[in-house]
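Student: Pasted the sequence and its predicted model underneath.
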Amino acid sequence: MKNSGELTLIIERIAKLVAWPLKRLLKSEHQSGTAEHSNPGHGNPPRANPGPPGKNRVVIRGVSKRFGKTQALSNIDLDIPEGELCVLLGPSGCGKSTLLRIIAGLEPATTGTILINGTDVTDESPGNRDIAMVFQNYAIYPHMDVFHNIAFPLKLRKVPKDEIHTRVHATAKLLQLDELLQRKPFQLSGGQRQRVAMGRAIVRRPTVFLFDEPLSNLDARLRLEMRVEIAQLHRKLGATMIYVTHDQVEAMTLADRIVVISKGCIQQIDTPEGLYTNPANLMVAGFVGTPAMNFVQGRISCPIEGKKSLFRGEGIELEVPECGPPGEAVAGIRPEHVRIDPDGAFSGKVEFIEDTGSDRYAHVKLAGGAKMVLRVSPHVTLKIDDTVPLSIDEQQAHLFVDGINVRTREQPRTRQEGPGEAGS
């Protein structure tokens, strides 16, 4: 067995490997030696630095990023107001984590400007940006207990010991960690470790919190629990938060606004409800919603009375409220807007039945070749290979021409044109 000195050395080396992102964030804070010495109140939860009222906390203008010949981000413009929980949502490799790292100062932008709390921080180090980041891999020190992990950034900032004690205990109470302060990370569950990482960010009282896919390492049940905790935490702190995820359910349940990114470009900025009911383009329509929107290829043959469009394609015919130009188009229908109807104008053959407990989805193939998913009542008796009559709520259908939603095409700043594949 190795002696205690060798074990200590091994632990220190592991800590350096696991927690290097935290050190990068805090390095310049240690050099600046600045610290807040205001009295947090005994046992009161720490709150975010209030800053100027009514201003955007984070302003991003014209930010682009290239890795060699790869365009990771293209001309990103984004305003995040004070107190908002803004989610950056997109598939893997879309550039959302790259944008978060640029905001944090962990990655330089090729072009563009970042303002935090009204100050240009484009060329500032991470520690001078007054931000705190929660990482996907927790980045907590394995050889420190919960108390000292949470207290670590305050020690680097040379905060007095009595204030460290008060702030750590207030933060631990807020996150329900007050009974675990003496435990080491290996004695904690995944959710508890993530709360420690969050506590280390909260205790600093930053202007902006940054979350980089913090729940992706947790199982489904823990993800649900942590989503609730993060939402409650946001309400209690009233803090500005930027949250990166590829999980659209996570985004829809947490966000005040969602920024959908694909191939390094913003596709749409809207509330969760706005994204779901009025997707700006085919990418957003197909990415937001579970199950995804049904798409049918076809043509707009003619406008009806100048106010409606007649769409025909793959065995269906729809009169859609929006007036689209004649020509090729794609119709988009949510699963809940297709129903089994004895008087339905078309029919489909059941190929698969998906039971999720509270919901049931039937995958059907229409006579014209299109495939659709529809939500059905768990009490409806269906079997594979059944042929069922169907109807569509035409008022809820969308038409996409050249990939753009006819319904939203006049709305400004819903998407950005951009290049091909993006960085991660």
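Tutor: Arrived safely, thanks for sending.
Student: how about stretch 350-369: buried residues?
Tutor: 350, 360-366 (16 or more other Cβ atoms under 10 Å). For the C-beta atoms, the positions are set from N, CA and C on the backbone; glycine is no exception.
Student: One more: stretch 392-405?
Tutor: 392, 394, 397-401, 405.
Student: Closest one of these to Leu210?
Tutor: Asn405 (30.9 Å; Cβ to Cβ).
Student: I figured Ile150 hits Val203, correct?
Tutor: Yes: contact criterion Cβ atoms under 8 Å: Ile150 and Val203 qualify, at 5.5 Å.
Student: which of the buried residues of stretch 350-369 sit farthest apart?
Tutor: Between all members of the buried residues of stretch 350-369, the farthest pair (by Cβ to Cβ) comes out as Arg360 and Leu366, at 19.3 Å.
Student: Max pairwise distance over the buried residues of stretch 392-405: which two?
Tutor: Counting by Cβ to Cβ, the most remote pair of these is Ile392 and Val401, 18.8 Å apart.
Student: and the gap between Ala220 and Pro160?
Tutor: 43 Å (Cβ to Cβ, to the nearest Å).
Student: what's the answer for Val338, then?
Tutor: Distance from Val338 to Pro160, by Cβ to Cβ: 64 Å.
Student: Kindly provide the whole-number mean pLDDT of stretch 255-265.
Tutor: Mean per-residue pLDDT for stretch 255-265: 96.
Student: That stretch spans what distance, first to last residue?
Tutor: End-to-end distance of stretch 255-265: 19 Å, with Cα to Cα, to the nearest Å as the criterion.
Student: in it, what counts as buried?
Tutor: Residues of stretch 255-265 classed as buried by neighbour count (16+ other Cβ under 10 Å): 255, 257-265.
Student: now swap in stretch 91-102 and tell me
Tutor: For stretch 91-102, by 16+ other Cβ under 10 Å, it's 93-102.
Student: same question, stretch 187-204
Tutor: For stretch 187-204, by 16+ other Cβ under 10 Å, it's 188, 191-204.
Student: Out of those, which sit inside helices?
Tutor: 191-202 (DSSP state H).
Student: would a markdown table of these with pLDDT be doable?
Tutor: Below are these laid out as a markdown table (pLDDT from 0 to 100):
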| residue | pLDDT |
| --- | --- |
| Gly191 | 83 |
| Gln192 | 88 |
| Arg193 | 88 |
| Gln194 | 84 |
| Arg195 | 86 |
| Val196 | 91 |
| Ala197 | 88 |
| Met198 | 86 |
| Gly199 | 89 |
| Arg200 | 89 |
| Ala201 | 87 |
| Ile202 | 87 |
